[in-house]
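1. predicted coordinates and the sequence they were generated for:
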Amino acid sequence: MKRREFLKTTGFSLLGMAAICLGCGSSTAAPAANAATTNITTKGANATMNKTNAKKVLVAYFSWSGNTRALAQEIQKQTGGDLYEIVPATAYPTVYKATTDQAKQEQQAGARPAIKNNLPNVADYDVICLGYPNWWGSFPMPVATFVEKVNLQGKTIAPFFTHGGGGVQRCQSDLAKLAPNANFTDYLCLSGNSARSASGDVAQWLRKLGL
C-alpha cells in the first residue's frame with residue numbers, strides 16, 4: 001500500500017498522533033509568551049494563607065502552549081496561594097513538531113533540563129499544587145528536575161494535568177514514583193481545550209481537597 005493511501009486509511013497523520021501523545025493541547029500553534037512568573041513570586045515565610053482553611057498553598061507549574069498556565073492561574077485565583085512557573089534554562093522550540101521530538105528524546109534519556117528561575121522554599125507551604133501537560137504519557141522533564149531539586153518529603157501534593165487527547169496516562173503514577181515520600185491527593189486532569197474556561201472544574205476539585 002502506498003504511504004498516501006495508508007494515511008487516508010488510518011484516518012490520522014503521524015503529527016496528529018504526536019498531539020495525543022504529547023498533550024500540549026489541541027493546537028499546534030507556537031506557545032504563548034511566558035507570563036510575568038519567570039521569577040519566583042512566592043512570599044517566603046509570609047506565604048499567603050488559603051482563604052478557606054488557612055493552609056499555605058503553592059501553585060507550581062510547567063507550561064508550553066499556555067494551557068497549563070491558564071489552569072494554574074485559575075487554581076491560584078481560587079486558593080489565594082502563590083504562583084511559581086517552572087522555566088527551563090533553555091526554552092523549548094516554538095515549532096510544535098520540534099518540541100514533540102525533543103520531549104521524546106529527553107524522556108528516553110531521562111534528562112534533567114536545568115531550571116532558569118530560583119526554586120521556591122517549599123518548606124513554607126502546606127500544599128503544593130503541581131501541574132504540567134501530558135508529554136508522551138508522562139511529565140515534561142523539567143518537572144522531574146523541579147521535583148528532585150526541592151524537598152517534597154511529607155508534603156501534600158495536589159497534581160493537575162492538561163492533555164491533548166491522551167488523558168492522564170502515567171502523569172500521576174510517574175510523579176508518585178518520583179516523589180515517593182510525598183502525600184498525593186486526587187488529581188485534576190482536563191483537556192487543553194477546556195483549561196482556559198475551567199473555573200467550575202477547579203472549584204469542584206478544590207472543594208474535594210478541602211481547599
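-> Nice, I can see it. Numbering: from 1, shown residues only.

2. residue 162 reaches residue 191, doesn't it?
-> Yes. A contact is recorded between residue 162 and residue 191 when judged using Cβ atoms under 8 Å, the distance being 7.0 Å. C-beta here means a position set from N, CA and C on the backbone, and glycine is covered the same way.

3. of those two, who's got more company?
-> Taking neighbours as other Cβ atoms under 10 Å, residue 162 and residue 191 compare with residue 162 leading, 32 against 18.

4. is the residue nearest in space to the middle of the chain in a helix, a strand, or coil?
-> Centre of the chain computed as the mean C-alpha position; nearest residue by Cα atoms, centre = their mean is residue 132, 0.8 Å away. In three-state terms, and counting by DSSP: H, G, I helix; E, B strand; the rest coil, residue 132 is strand.

5. for it, give me the pLDDT.
-> Among the per-residue scores, residue 132 holds a pLDDT of 98.

6. go on, residue 190?
-> At residue 190, the pLDDT value in this model is 97.

7. so what are the sheet partners of the helix or strand containing it and their directions?
-> With the criterion set as DSSP states H and E, the secondary-structure element containing residue 190 is strand 188-191. Partner strands and pairing direction for strand 188-191 (DSSP bridges) are strand 156-163 (parallel).

8. which other helices and strands does the next helix or strand after the strand it pairs with contact?
-> Elements were assigned by DSSP H and E; along the chain past strand 156-163, the next helix or strand is helix 171-178. Other elements packing on helix 171-178 under the criterion 3 or more Cβ pairs under 8 Å, 6 or more residues apart in numbering; DSSP states H and E are helix 141-149, strand 156-163, strand 183-184.
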